[in-house]
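Enquirer: Here is my input, please return the structure:
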Amino acid sequence: MADEAICIGPAASLESYLSIPKVLNAIETTNASAVHPGYGFLSENPRFSQSVSSSVHNCKFVGPCESAIRDMGDKITSKRIAQDAGVNTIPGYEGVISDEEEAVRIANRVGYPIMIKATAGGGGKGMRICYTDSDTREGFRLSTAEAKNFFNDERLFIEKYIERPHHIEIQILSGKNKASGELEVLCFPERECSVQRRNQKILEESPSTLLNTNTRREMVRQCHDLVHATRYESAGTVEFLVDEEQNFYFLEMNTRLQVEHPVTEMITGVDLVELMIRVAAGEGVPRELLVRAEESESGMVPHVGWAVEGRVYAEDPIRGFLPSTGPLLQYQEPPSSWTPLPTSTDDGHNTVSIRVDSGVSEGSDISVHYDPMISKLIAHGPTRTTAIRGLTQALDRYLIRGVNHNAPFLHSVLRQDEFMKGDTPTDFISRHYPDGFSGVKLSDKEKGGLAAVVVAISGMRREMLGQPPLPMEYEDEDGHQGFVSQSLLGGQEDIPETEMYDEFGDRLEEDSYDDEEEELFESSKDEMEVATQEEFDLFLTQGNVTNKIVTMGGMFGDDGVYDVALNYSTGETMVREVVDGENNEEHPNGTVILKTTVEDVNYDPSSPFAEIVVNGEASAIQIHGESNTDILSIQMHGAAIDTMVMTHSEYQLVKHMHKPQKVDTSSMLTSPMPGTLISMAVKEGDAVELGQELCNVEAMKMQNVLRSEKKGVIGRVRATVGASLKADEIILEFVDENEAEVAS
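Expert: The predicted model follows:
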């Protein structure tokens, strides 16, 4: 964090961070000798670079010169320079497009699919992929608005869109040799940045699994040629699209530090910001790095291990990655450097370094005015598999409450088999989530293990609160029903004294029962129709075994109901999934038996985390609290699940209860996120078709078109253009279908 803060204006970026005079005033106020532009706002603005260099006290701009920023920051000019330098480029139209109809004509000439891009763009802003003329018209309008908001430059151009490519970039550092004045260029290992949403990266890694040595060497050669053609001095990034046959095409050059630069730093051990400052100070590129690169087979700086970065955003991946705003009510970052817990498949190379780059803390407010990134989470390990596992376990230990965020989605991507194999073209998200993201899906094995752990944690919490443990049901020879309660052992060898409760939950005095009654426990195993009935029955007769029902997805078990038999002494568990036998073809007998072993549950009820070892796999789960109805909110591997532990008798009662009715919102359009209503495309009384544009909501400078999800007639329009909208605020209502039929 900065040592000193200078107010440069209101929150709106056009009046503060994008205002050159206000930033220059801050420079002069602090008497700064150098300015590092970071990787946003004015970092690629040539006028800002020139203004800094020519300011009153001759402040040094830590970056390339004005001409390099101007030429390479302009997508059309940079493409022409790249072509002249012999760099492979993408086919397209190199002029500036004036209006929607010209965009349509050019798109048809280039051939669909095409991509509309802002000439001054970057970071996925002002970009739209178009497959039809209507896509192009809409894309031109939205990209123009975004380009103005982000870059104060409305110019757009069109390129052929290459489908299923990999987005791969080369980090460069260049500077003049202090003695000879010769421009020297250094290339670092490539970064794979193909997993993107809205053309914006969310997962990056280095190196790439796709490239071979010959391709790397040729990409390095073309990077050298491009840098010399522009006389570029400083750190920069040359971005390419690479197809499955390793044909590669120049995409753009970012004349600044990249958001994902930590993955390069982690695998090479360099500090890119320090090197940028040294180049700006006239020291040039370190000789030892140049020698190491020249001696390597690929021509790049040698690397050690693998690094993977996840960008953590305040956004709702279930609602199309729409931004989320508000305060961080709870915020706790994972340890910065550690060794992940071992797993049953541990290869002995499990040392991982974790790095968190963030600018927030608990209580910070996520504003509508800026990019919703919360942090960058980077894992570095000796192998790709180890780095991925380290990142996954770091996400498990990353607590963010108060805003929606994409950590669960990152979890989901990291769990995909294709990601583990390195099959990550830029259509990865659309291909694996064609209907959007609906949450992390735990395997049967994971759910069974979680059900067992929940029983143990529930007992720990009750013990801490001084509540009697949940009883186990029993029935004596005369049919009298009661409960046996066993305290949680927590791994101890000896069982605490068993206590007895009547059917109302009241503790019985010692003289109200005899020792024989302790052995009268009979579970409802007769209700279980399982293939291994005898094995389950035998397990229930063992000592120290508690038998509970765990519902997932709330009291009614919308995400599953599990009959858990847990041996507190050994951790051995049998979990019976309770399913509908009549309607379940996969399990016609109505049950599935899962065997699992809970080896350790390390949990302090005052902590939001529990460290667990289940079936030899170590992980952490998050405990997000317990409601006044005993629903315990758990997060495991990014899957948020409301769980409840109850007796069999309680579950039988729950089955007779009615579920709460859901509010029908099909007759209204609500704002999916906080934002500003930019435009309304309809008015009261208009007939609309399925998919027709209704309005445009701007959030965090991104344009979001809201479309009709049905055919109907607009009734009442509640919101006005320019209004600030809350999430789920009603924008308009449709005419009731029955009323519409009568009217027609």
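Enquirer: Report the buried residues of the helix ranked longest in the chain.
Expert: The longest helix of the chain (DSSP state H) is helix 444-464. Going by neighbour count (16 or more other CB atoms under 10 Å), the buried part of helix 444-464 is 446-463. Just so you know, the C-beta spots here come from the backbone N, C-alpha and C atoms, and that holds for glycine as well.
Enquirer: where do the helices sit along the stretch 351-500 of the chain?
Expert: 384-396, 407-414, 417-421, 428-432, 444-464 (DSSP state H, counting those that start in this stretch).
Enquirer: Next, format those helices as JSON lines and append mean pLDDT and distance to residue 617.
Expert: Below are those laid out as JSON lines (pLDDT from 0 to 100; distance: least, CB to CB, whole Å):
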{"stretch": "helix 384-396", "mean pLDDT": "95", "distance to residue 617": "11"}
{"stretch": "helix 407-414", "mean pLDDT": "97", "distance to residue 617": "15"}
{"stretch": "helix 417-421", "mean pLDDT": "96", "distance to residue 617": "16"}
{"stretch": "helix 428-432", "mean pLDDT": "95", "distance to residue 617": "24"}
{"stretch": "helix 444-464", "mean pLDDT": "89", "distance to residue 617": "8"}
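Enquirer: beta partners of residue 717?
Expert: Beta-bridge pairing of residue 717 under DSSP bridges involves residue 732.
Enquirer: isn't it right next to residue 735, touching?
Expert: No. Contact between residue 717 and residue 735 fails when scored by CB atoms under 8 Å: they sit 11.9 Å apart.
Enquirer: Overlap in contacts, those two.
Expert: Counting by CB atoms under 8 Å, 6 or more residues apart in numbering, residue 717 and residue 735 have no shared contacts at all.
Enquirer: check contacts around residue 391.
Expert: Contacts of residue 391 by CB under 8 Å, 6+ apart are 308-310, 377-379, 410, 414.
Enquirer: Closest one of those to residue 69?
Expert: residue 309 (25.3 Å; CB to CB).
Enquirer: Tell me the spacing between the closest one and residue 219.
Expert: 21 Å (CB to CB, to the nearest Å).
Enquirer: same deal with residue 634?
Expert: Going from residue 634 to residue 219 by CB to CB gives 46 Å.
Enquirer: same thing with residue 570?
Expert: 56 Å.
Enquirer: So these two - more neighbours on which side?
Expert: Set residue 570 next to residue 219 and count neighbours by other CB atoms under 10 Å: residue 219 wins out with 27 against 15.
Enquirer: Which pLDDT value belongs to that one?
Expert: Looking at residue 219, its pLDDT stands at 98.
Enquirer: now swap in residue 109 and tell me
Expert: So residue 109 comes in at 92 (pLDDT).
Enquirer: Can you show me the strands along the stretch 601-744 of the chain?
Expert: Here the stretch 601-744 of the chain has its strands, by DSSP state E, counting those that start in this stretch, at 609-614, 617-626, 632-636, 639-646, 668-670, 675-680, 687-688, 693-699, 702-707, 712-717, 724-725, 730-734.
Enquirer: Which residues are in contact with residue 331?
Expert: With CB under 8 Å, 6+ apart, residue 331 has these contacts: 360-364, 399-402.
Enquirer: any chance of those residues in CSV, with pLDDT, distance to residue 550 and neighbour count too?
Expert: Converted to CSV, these look like this (pLDDT from 0 to 100; distance: CB to CB, whole Å; neighbours: other CB atoms under 10 Å):
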residue, pLDDT, distance to residue 550, neighbour count
360, 94, 35, 17
361, 94, 35, 11
362, 95, 31, 14
363, 94, 35, 11
364, 94, 36, 15
399, 97, 23, 19
400, 97, 26, 22
401, 95, 23, 16
402, 93, 28, 19
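Enquirer: closest to residue 677 among these?
Expert: For the contacts of residue 331, the nearest to residue 677 is residue 402 (24.8 Å; CB to CB).
Enquirer: Check whether that closest one really touches residue 325, as I assumed.
Expert: No. Taking CB under 8 Å as the definition, residue 402 is not a contact partner of residue 325, at 10.0 Å.
Enquirer: immediately after the helix or strand of the chain with the lowest mean pLDDT, which helix or strand?
Expert: The weakest-scoring helix or strand in the chain, judged by mean pLDDT, DSSP states H and E, is helix 515-518 (a mean of 31). With elements assigned by DSSP states H and E, the helix or strand that comes after helix 515-518 is helix 533-540.
Enquirer: who touches residue 211 in this structure?
Expert: Applying CB under 8 Å, 6+ apart to residue 211 gives the contacts 168, 190, 219, 242, 246.
Enquirer: SS state for it?
Expert: What DSSP: H, G, I helix; E, B strand; the rest coil gives for residue 211 is coil.
Enquirer: how far away is it from residue 97?
Expert: Noted for residue 211: a distance of 34 Å to residue 97, by CB to CB.
Enquirer: need the contact list for the one residue sitting closest to the centre of the chain.
Expert: The centroid of the chain falls nearest to residue 406 when counting by CA atoms, centre = their mean (3.1 Å). Contact partners of residue 406, counting by CB under 8 Å, 6+ apart, are 202, 311-313, 315, 317, 321.
Enquirer: Least confident of the residues you listed?
Expert: Across the set of these, residue 321 stands lowest in pLDDT, at 89.
Enquirer: Now do the contacts for that one.
Expert: By CB under 8 Å, 6+ apart, the contact list for residue 321 reads 197-198, 313, 315, 406.
Enquirer: In TSV, list the contacts of residue 331 along with distance to residue 162.
Expert: As requested, the contacts of residue 331 are exported to TSV (distance: CB to CB, whole Å):
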residue	distance to residue 162
360	36
361	41
362	43
363	44
364	39
399	40
400	35
401	40
402	40
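Enquirer: Which stretches in the stretch 301-450 of the chain count as strands?
Expert: 306-313, 315-316, 322-323, 326-327, 330-332, 337-338, 352-358, 365-366, 373-381, 399-401.
Enquirer: Need the winner for burial among those strands.
Expert: Ranked by mean neighbour count, these are led by strand 306-313 with a mean of 26 (mean count of other CB atoms under 10 Å).
Enquirer: Go through the contacts of residue 321 and name the one nearest residue 666.
Expert: Nearest to residue 666 among the contacts of residue 321 is residue 315, at 24.8 Å by CB to CB.
Enquirer: Beta-bridge partners for the closest one, please?
Expert: Going by DSSP bridges, residue 315 is paired in beta bridges with residue 323.
Enquirer: Assess the claim that it and residue 322 are in contact.
Expert: Yes. With contacts counted by CB under 8 Å, residue 315 reaches residue 322, the gap being 6.2 Å.
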